[in-house]
Each structure stands twice: as structure tokens, then as C-alpha cells.
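**Student:** coordinates only, sequence not included:
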């Protein structure tokens, strides 16, 4: 792990006055990401590589690699900040601080350190939204983000203190189940995991997410969708792995809410006119299926949830970046005004189609495999959920095609400026997002064999 953490920390030493900080940070993050691929190949899947303070296993290694990769993509996608000279070195520093915070979150073996890093990641995210956001409403979005996540996290801190008091250990790997059902009730477990449910977010605790996405700059949306949402599912994985018997007590409630949420958010997507808002609500629907599969307590459910974390991270990040490219071309996010992009730039229209197919879990992406595994695990728990699953899957295809046809067909607006739309930078960003999604289908065991 030191070969990843030390180079990432050393990037913070580059001074803000350096003219090459932007380029050096981007290249270094991609090189560190390639170096971290060695962590994907573990001798025995599920066995952690341990140290006193940190560890990595087949669950955290793909997420560490995803964090580094998306951080590099954030810097490439935010080139407009360099062109406008909008404090680009400070922006790069924020990205690097957020990157190292997330790396430490995924690699720590102590639950209290995990909690500290889990909360600390909010600060650079909030600074990115408030400092480089678009509208004055970003203040309200920042308030929603902080209030929802911090309020839900306080019961988790109390819960961790209770565990420490009873067990005298907060290690993720050396835990035993001595602190069991006598002290742990369903209400206690709901309080413990609610911080992760808000972070993912679960339906009914999701109102902060569309606001944060709409007001955030493209880099904020990319890291929020790709990695910060996965902090919730990662924490739920770790706590469920230690106290796997507790999920059975609350699974019916959470699966019911999540399945209904997947259906409702898909319906909401069909009436959206803002491209970023539609993509944000689709993330809530995908996370609802992930929560249901994870709460099923089956091997297929956990493996499918791990695959969904990586697949959704790459695809949603790519969709937010291409939505921003479209915004920079047409100067609007409204689907009523964004028309006829297929006539202007057919190459980017192909990229839009590939991403929308991946978003609705089409072959040959890893999204399809993960959804098949998750749906199978949900049906194993309750066959009645087939109705909501069918409706959610159908509506996911419907709103994905609605997004594609609304933006690509029709008469182009006169205000559109397609000159930079299909630039090498834009095509590279989308390609670097989609290649891992397609390649992973040939060896999915790299991200699924940890349970």
C-alpha cells in the first residue's frame, strides 16, 4: 500500500506556484493507478494483505484503483478552469487532497480511522462545489450535503464507541462476534448503517444528491458519482461483514424501500428536463438495486454489488463528463434546447449511445453482469420483488433512450458551437472511462471474488 499512498502524498508537495502542477498531477495519478493494478491479483481472493494500520483486499483494491483513475479524469475534464485561469493550482490541490483522503478511507483497517476519513472527504468536496460551482444555489446544495451526511453520521460514531467499549477493538479484520444479539437490536443496527444509506444514497434520504450534482462543477459531479457514493456501500460492506447476522433483521425493510425507490426514481427520470439531474436520479436507482442485493446476504448479491460499484463509478462519471461537454457546446443543460447533436458531431453521438446503453445495463458491459447477479440475489430473498424489478429495469431503458433521443435528434440550435465538442481531450476522457468497463467483462473475477 505504501507504493500508492506515498506517491499520492508526495504530489501535495508540488507548490501552487508551479506552472506544471496540472500536468504533473494528472500524469502521476494515472501512473499510480496503473501501479495499483498489482493489488487486484491477490493469492487467495478475500484474504487481506494486512499491516498494523492499513490493509487491502479484493474489495478495497478495485476501489483504490477507481479513485486514482477518476481523480486523473477529473483534472483532464476540468481544462476550462485552466483556460479561464480560475485558481487552477488550488483546484488541483483540492483534487489531490480529496484523492489521498479517499485512498486512506479505503485502505485503513481501523473503524474509527475509517469514520474520520469518511467525514473528512466532505470538506474538499464542499470546497470544490462552493469554489468552482456554477450558480448561487450551490450554497443551498452545500448545506444539504453537510446536513444530511453529518446528521446521519453521528449515530454511527456513537455506535463505534459502543463497539469499542464492549470489544476493546475496532479492527475490521480481527473482529469476532462476541458483542452479539444481546446488546445489538434492530434499531441499533439501523442507526449504525443509516450513515452509509444516506451516503449511497437510499431512496428517501437522497434529496441532497441531485442538488449537489446540478450545482457542482464537472469534477465535483464525477468524483461524487464515481467514488463518494461508493464510500457508503464500502462502509456497509465492512460492517455487514463483521455483523452479517444483523442484516437479516432489517433486510425486508431496506429491500422494500430500495425496490420502491428504484421504481420511483426511474419514473422521476422520465420527467426530467435537466441532463445532469436525470443522470443524478438514475444513480439513486442503481444504488437502490445495489442496497437490495447487498442486504440479501448472499454471495451473489455481494459479488454483484462489488461489480456494480466499479461499473456504476466508471459509467456515471463518464455520463457527467459528456453532459458537461454538451453543456459547453450548447450553453444549456435543458433537453428542450439541446437538440440535433447527431447532425453536428456524429462521433460524440456514438459516445452518447455507448454510455446510455451501459447505463441501462446493456451488453457487453460489466453493468449487465452485475445487475443479473443482483436481481438473482433479490429474487432469492423475495420472489414478489420481480414486479418492481421488472418495472425498474424497463424504465431504466426508457429514460436512457429518452436521454439519447432528446439530445441527439431534432433541429440543432443556432447557439451551438461544435468546434471543440469532438476534441481529442473529450474523446480521450470518454474512451478512458469505457475501456475498463468493457475489458472487465473478460475477467470479472478481479472485482467479484472477494466474498
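**Tutor:** In hand now; what should we look at? Bear in mind the structure is a predicted one, so any value in this text is a computation, not a measurement. Numbering: from 1, shown residues only.

**Student:** pLDDT-wise, which helix or strand of the chain ranks last?
**Tutor:** Within the chain, no helix or strand scores below strand 49-50, which has a mean of 60 by mean pLDDT, DSSP states H and E.

**Student:** next structured bit after that one?
**Tutor:** Using DSSP states H and E, the helix or strand that follows strand 49-50 in sequence is strand 55-56.

**Student:** just checking, next helix/strand downstream of that following strand?
**Tutor:** Where DSSP H and E defines the elements, the next helix or strand beyond strand 55-56 is helix 60-77.

**Student:** let's verify residue 134: helix, strand, or coil?
**Tutor:** On the three-state scheme (DSSP: H, G, I helix; E, B strand; the rest coil), residue 134 is labelled coil.

**Student:** surely it and residue 215 touch.
**Tutor:** Yes. Residue 134 lies in contact with residue 215 (CB atoms under 8 Å); the separation is 6.6 Å. For glycine as for every other residue, the C-beta is placed from the backbone atoms N, C-alpha and C.

**Student:** more neighbours: those two, which one.
**Tutor:** Higher neighbour count among residue 134 and residue 215: residue 215, with 24 against 14, using other CB atoms under 10 Å.

**Student:** in contact with the more buried one, which residues?
**Tutor:** Counting by CB atoms under 8 Å, 6 or more residues apart in numbering, residue 215 touches 129, 133, 134, 135, 137, 138, 140, 141, 142.

**Student:** my read is that the second one contacts residue 216, right?
**Tutor:** Yes. Under the criterion of CB under 8 Å, residue 133 makes contact with residue 216 at 5.9 Å.

**Student:** the spatially closest residue to residue 158 that is not a sequence neighbour: neighbouring residues, count only.
**Tutor:** In space, and not counting its chain neighbours, residue 158 is closest to residue 191: 7.6 Å by CB to CB, 6 or more residues apart in numbering. Using other CB under 10 Å, residue 191 has 16 neighbouring residues.

**Student:** and residue 250, by the same measure?
**Tutor:** Other residues close to residue 250 by other CB under 10 Å number 15.

**Student:** please report how far it lies from residue 191.
**Tutor:** 11 Å (CB to CB, to the nearest Å).

**Student:** now do the SS call for residue 338.
**Tutor:** Taking three-state DSSP as the rule, one finds residue 338 in the coil state.

**Student:** can you tell me how far it is from residue 327?
**Tutor:** From residue 338 over to residue 327 (counting by CB to CB), the distance is 8 Å.

**Student:** what about the chain, any weak spots by pLDDT?
**Tutor:** Within the chain, the segments meeting pLDDT under 70 span 42-53, 174-184, 450-451.

**Student:** top helix in it by residue count?
**Tutor:** When the chain is parsed with DSSP state H, its longest helix is helix 299-330.

**Student:** list the buried residues of that one.
**Tutor:** 300-327, 329-330 (16 or more other CB atoms under 10 Å).

**Student:** stretch 253-271 now?
**Tutor:** Across stretch 253-271, burial judged by 16+ other CB under 10 Å covers 254-255, 257-266, 268-269.

**Student:** could these be laid out in JSON lines, adding distance to residue 435?
**Tutor:** JSON lines is the format used below for those (distance: CB to CB, whole Å):
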{"residue": "254", "distance to residue 435": "34"}
{"residue": "255", "distance to residue 435": "34"}
{"residue": "257", "distance to residue 435": "35"}
{"residue": "258", "distance to residue 435": "31"}
{"residue": "259", "distance to residue 435": "32"}
{"residue": "260", "distance to residue 435": "35"}
{"residue": "261", "distance to residue 435": "31"}
{"residue": "262", "distance to residue 435": "28"}
{"residue": "263", "distance to residue 435": "32"}
{"residue": "264", "distance to residue 435": "33"}
{"residue": "265", "distance to residue 435": "28"}
{"residue": "266", "distance to residue 435": "28"}
{"residue": "268", "distance to residue 435": "31"}
{"residue": "269", "distance to residue 435": "27"}
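
**Student:** among those, which are located in helices?
**Tutor:** With DSSP H as the criterion, helices contain 254-255, 257-266, 268-269 from among these.

**Student:** out of the residues you listed, who's nearest residue 20?
**Tutor:** Of all those, residue 20 sits closest to residue 269, with 41.7 Å by CB to CB.

**Student:** in space, what's closest to residue 114 - neighbours in sequence excluded?
**Tutor:** Nearest non-adjacent residue to residue 114, counting by CB to CB, 6+ apart: residue 108, 5.1 Å away.

**Student:** hmm, the one you found is touching residue 54, no?
**Tutor:** Yes. Using CB under 8 Å, residue 108 is in contact with residue 54, at 5.5 Å.

**Student:** spatially central residue in the chain, please.
**Tutor:** residue 226 (2.9 Å; CA atoms, centre = their mean).

**Student:** what sits against it?
**Tutor:** 66, 70, 313, 314, 316, 317.

**Student:** and those, which two are furthest apart?
**Tutor:** Farthest pair in the contacts of residue 226, by CB to CB: 66 and 316, 11.5 Å.

**Student:** what's the separation between the residue nearest to residue 114 and residue 151?
**Tutor:** Relative to residue 151, residue 108 is positioned 23 Å away (CB to CB).

**Student:** which one of those two has more residues nearby?
**Tutor:** A direct count of neighbours by other CB under 10 Å for residue 108 and residue 151 places residue 108 higher, at 21 against 13.

**Student:** what are the phi and psi angles of that one?
**Tutor:** Phi and psi for residue 108, reported as degrees, to the nearest 10, are phi -80, psi 150.

**Student:** relative to residue 223, how far out is it?
**Tutor:** Residue 108 is 19 Å from residue 223, by CB to CB.

**Student:** before we move on, the earlier item: distance of the residue nearest to the centre of the chain relative to residue 218?
**Tutor:** Distance, residue 226 to residue 218, by CB to CB: 12 Å.

**Student:** now residue 346
**Tutor:** Residue 346 sits 23 Å away from residue 218, going by CB to CB.

**Student:** kindly report the same for residue 272.
**Tutor:** Noted for residue 272: a distance of 18 Å to residue 218, by CB to CB.

**Student:** tell me which of the two has more neighbours.
**Tutor:** Shown here are residue 272 and residue 218; by other CB under 10 Å, residue 218 has more neighbours (27 against 20).

**Student:** tell me which helix or strand residue 287 sits in.
**Tutor:** Taking DSSP H and E as the criterion, the element that holds residue 287 is helix 275-295.
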